[in-house]
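**Student:** 3D, please:
(one chain, ligands or ions: 2)
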Amino acid sequence: MTTSLIALGSGSRGNCFALECEGAVLLIDAGFSAKEVTRRAERAGLDLGGLVGVALTHEHGDHASGALRLAARHGAPLLASPGTWRALTRSGNEGATHCAIGSALRVEVGPFTVWGAPIAHDAAEPLAVAVESLDGVKIGVAYDLGRPTAAVRLLLRELTAVILEANHDEILLRTSGYPPSVQQRIAGSAGHLSNRAAADLLVEAMHPGLGTVLLAHLSQRCNNEELARNTVETALRRKGFRGVVDVARQDDPVGPLRLLRCDGAQMTFAI
Ligand SMILES: [Zn+2]
Ligand SMILES: [Zn+2]
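**Tutor:** Ligands and ions are numbered 1, 2, ... in the order given. Here you go, the predicted model:
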């Protein structure tokens with residue numbers, strides 16, 4: 001039994017990740033239209049016929065725009081904090097059903113157990129989403145993070161695979177031409193993690209079981225794949241990290257990354 005991770009797309013124009021285990025599929029965020037998520041899944045060779053749930057970090061469009069429709073279409077529950085569900089369904093639920101998740105609310109869907117850790121972001125009740133697969137692999141998705149909460153720091157210490165925001169390069173943000181108020185919002189406590197902040201957080205949370213780091217939610221204007229990867233990978237390698245560092249893309253799927261757990265040490269293989 002193995003669990004695979006596919007980044008269907010990530011960035012300010014939409015975020016969607018998929019976990020697959022024995023034909024069961026869990027989406028984490030669905031920030032493209034249902035049609036676009038379906039198209040990307042087909043491109044990545046992922047069969048959404050096995051969809052067992054759609055887990056959401058929060059209700060913003062770049063994370064949730066296709067979530068209700070996809071969940072309803074496949075008869076899969078939408079897993080989200082109560083606040084996210086309320087905010088998302090203000091003008092109707094499109095026939096989707098809700099299962100509440102939180103730090104003390106764990107939900108099982110197919111081979112996946114899903115829960116969350118609260119984050120600081122300008123949304124109703126945002127979470128970092130965590131998933132444990134039946135084979136013992138633990139995956140967490142944390143972005144739109146602002147300043148990482150104690151709950152997120154704790155969560156990162158137990159994961160096999162981390163999908164973490166590396167939103168901007170601090171120098172590119174300062175020279176981006178964004179007005180100071182926008183720059184402050186992006187870099188502020190309810191905004192986004194920089195490459196440097198992501199590297200620091202990962203170095204702090206690094207443990208022998210961490211096998212995969214997938215950087216996500218890169219700003220198109222204030223970041224690029226190479227800068228994000230270099231900043232984070234250099235910091236991690238310096239501390240002895242031997243796993244995989246990859247970067248999710250806005251327009252193309254990345255993966256599947258096959259996540260394996262071996263006697264306390266995890267390995268990742270790109271297949
Ligand atoms: Zn957001
Ligand atoms: Zn976002």
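
**Student:** now the longest strand seen in the chain: mean pLDDT?
**Tutor:** In the chain, with assignment by DSSP state E, the single longest strand is strand 254-262. Mean pLDDT, strand 254-262: 83.

**Student:** now that strand: buried residues?
**Tutor:** 254-261 (16 or more other C-beta atoms under 10 Å). Placement of C-beta: from N, CA and C, glycine included.

**Student:** same for that strand, what does it pack against?
**Tutor:** For strand 254-262, the elements it packs on are strand 3-9, strand 212-216, strand 244-247, strand 265-270, judged by 3 or more C-beta pairs under 8 Å, 6 or more residues apart in numbering; DSSP states H and E.

**Student:** could you look up the SS state of residue 204?
**Tutor:** At residue 204, secondary structure determined by DSSP: H, G, I helix; E, B strand; the rest coil is helix.

**Student:** so it is in contact with residue 153, correct?
**Tutor:** Yes: the pair residue 204 / residue 153 is scored as a contact, 6.9 Å apart, by C-beta atoms under 8 Å.

**Student:** up against ligand 2, what does the stretch 1-150 of the chain have?
**Tutor:** 62, 144 (C-beta under 5 Å from the ion).

**Student:** for the stretch 1-150 of the chain, which residues are neighbours of ligand 1?
**Tutor:** Within the stretch 1-150 of the chain, the positions near ligand 1 by C-beta under 5 Å from the ion are 60, 144.

**Student:** in the stretch 1-150 of the chain, which spans are strands?
**Tutor:** 3-9, 16-21, 24-30, 51-55, 78-80, 98-100, 107-109, 112-118, 127-133, 138-142 (DSSP state E, counting those that start in this stretch).

**Student:** pull out the buried positions in stretch 23-41.
**Tutor:** 24-32, 34, 36-38, 40-41.

**Student:** that one - what's its average pLDDT?
**Tutor:** 98.

**Student:** one step back: need the helices and strands packed on strand 254-262 in TSV (columns: mean pLDDT and mean neighbour count).
**Tutor:** Listed next are the helices and strands packed on strand 254-262 as TSV, based on pLDDT from 0 to 100; neighbours: other C-beta atoms under 10 Å:
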stretch	mean pLDDT	mean neighbour count
strand 3-9	97	26
strand 212-216	97	27
strand 244-247	96	20
strand 265-270	51	16
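
**Student:** helices or strands next to the lengthiest helix in the chain in the packing?
**Tutor:** Determined from DSSP state H, the single longest helix within the chain is helix 225-238. Under the contact definition 3+ C-beta pairs under 8 Å, 6+ apart, helix 225-238 sits against helix 195-205, strand 212-216, strand 244-247.

**Student:** for the shortest one, the distance to its chain's centre please.
**Tutor:** Relative to the chain's own centre, strand 244-247 is displaced by 13 Å; criterion: C-alpha atoms, centre = their mean, to the nearest Å.
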